[in-house]
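A.B. asks: Next comes the sequence, and after it the predicted model I'd like to discuss.
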Amino acid sequence: MKVSALYRHPVKSHGREALETVTLHTGQSMPFDRLWAVAHDASKADGSEWAPCANFSRGSKAPELMAIFATLAEATGLLTLTHPKRPDLVVNPDEEPEKLIAWTQAIVPQDRALPARLVRLDQRGFTDTPYASISLCSTASHEAVSAQAGGDLSPHRWRGNIWFDGAEPWAEREWIGQRISIGDAILSVRENAVRCLATTANPATGARDVDTLALLNGNWGHQDFGLYTEVVQDGQIAVGDPVEVL
């Protein structure tokens with residue numbers, strides 16, 4: 001098995017960015033992954049600690065967010081967001097958070113809690129888990145879902161961090177409690193990733209077009225896709241690196 005793709009999501013639920021290499025650190029999420037999150041006007045999240053997904057604008061409630069691409073320039077702190085229905089945005093999230101919030105207003109439902117403020121959580125980020133997790137996804141499992149959908153689904157639906165190929169579909173579900181070597185890093189597999197309505201939206205358009213949850217439940221009897229892992233040994237990983245169950 002080997003790494004086929006790497007992604008980070010600088011602002012939770014607001015775009016993905018492909019990487020070629022990244023250095024992982026023990027007990028931390030992927031660097032800059034979900035570093036920021038957009039708290040809505042009914043949220044109490046202030047960035048002082050981790051908070052559950054329900055506190056933030058996200059694809060399960062605002063599917064058009066799924067069509068955002070992101071690029072973060074680490075040296076300057078400038079974040080570029082693109083969306084098919086919005087002009088490109090270049091912003092420093094820490095210095096001009098209101099610009100990012102205003103940009104999102106047009107692509108979220110107006111009858112739900114609205115984007116209110118940007119919060120930041122260093123090192124561990126606003127992952128979907130109460131611990132600093134990195135998600136691991138199988139291309140073979142994705143292809144199995146795509147086949148049942150009758151077309152080529154974008155892997156961006158799953159918002160995974162590390163993608164790998166070379167395994168049988170769903171083989172990763174047997175890895176819970178084991179450790180995985182990827183490049184120089186070692187990760188501990190904690191649990192399956194239970195999926196939500198965000199995955200039903202097309203990442204090219206933001207429109208809900210495939211009932212991925214019904215596909216998972218109807219064909220495999222679960223609503224899981226991918227794994228949540230924790231880094232237990234620092235190390236650099238890159239596209240093409242071997243993936244080994246220890």
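C.D. replies: Yep, it's here. The shown structure was predicted, so the numbers you read here are calculated from the model rather than taken from an experiment. Residues are numbered from 1 along each chain as shown.
A.B. asks: what about stretch 144-160, average pLDDT?
C.D. replies: Across stretch 144-160, pLDDT averages out at 96.
A.B. asks: How about residues contacting it?
C.D. replies: 5, 7, 9, 16, 59, 66, 135-137, 139, 142, 163, 169-170, 195, 198-204, 210, 212, 215-216, 219, 225-226 (Cβ atoms under 8 Å, 6 or more residues apart in numbering). C-betas here are computed from N, CA, C, even on glycine.
A.B. asks: how long is stretch 130-137 from one end to the other?
C.D. replies: Separation of the first and last residues of stretch 130-137 by Cα to Cα, to the nearest Å is 19 Å.
A.B. asks: Please state the backbone phi and psi of Asp165?
C.D. replies: The phi/psi pair for Asp165 (degrees, to the nearest 10) reads phi -130, psi 170.
A.B. asks: rewinding a little: ok, of the contacts of stretch 144-160, which come out buried?
C.D. replies: Neighbour counting with 16 or more other Cβ atoms under 10 Å marks 5, 7, 9, 16, 59, 66, 135-137, 139, 142, 163, 169, 195, 198-203, 210, 212, 215-216, 225-226 as buried within the contacts of stretch 144-160.
A.B. asks: Report the buried residues of the helix or strand encompassing Leu89.
C.D. replies: Element membership of Leu89, judged by DSSP states H and E, is strand 86-91. For strand 86-91, burial by neighbour count (16+ other Cβ under 10 Å) applies to 86, 89, 91.
A.B. asks: Provide a list of residues in contact with the second one.
C.D. replies: Each residue near Leu89 by Cβ under 8 Å, 6+ apart is listed here: 79-82, 99-100, 103.
A.B. asks: Now do the SS call for Ile101.
C.D. replies: helix (DSSP: H, G, I helix; E, B strand; the rest coil).
A.B. asks: wait, it sits on Val119?
C.D. replies: No. Contact status for Ile101 versus Val119: not in contact, 11.2 Å apart, counting by Cβ atoms under 8 Å.
A.B. asks: Domains in the protein, by residue range?
C.D. replies: 2-27+129-245, 36-120 (automatic domain parsing).
A.B. asks: residues near the residue lying closest to Leu121 once chain neighbours are set aside, how many?
C.D. replies: Closest residue in space to Leu121, ignoring its immediate chain neighbours: Gly47 at 5.7 Å, by Cβ to Cβ, 6 or more residues apart in numbering. Using other Cβ atoms under 10 Å, Gly47 has 16 neighbouring residues.
A.B. asks: As TSV, the buried residues of strand 86-91 with pLDDT and distance to Glu244 would be great.
C.D. replies: Shown next, in TSV, are these (pLDDT from 0 to 100; distance: Cβ to Cβ, whole Å):
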residue	pLDDT	distance to Glu244
Arg86	97	42
Leu89	98	40
Val91	98	40
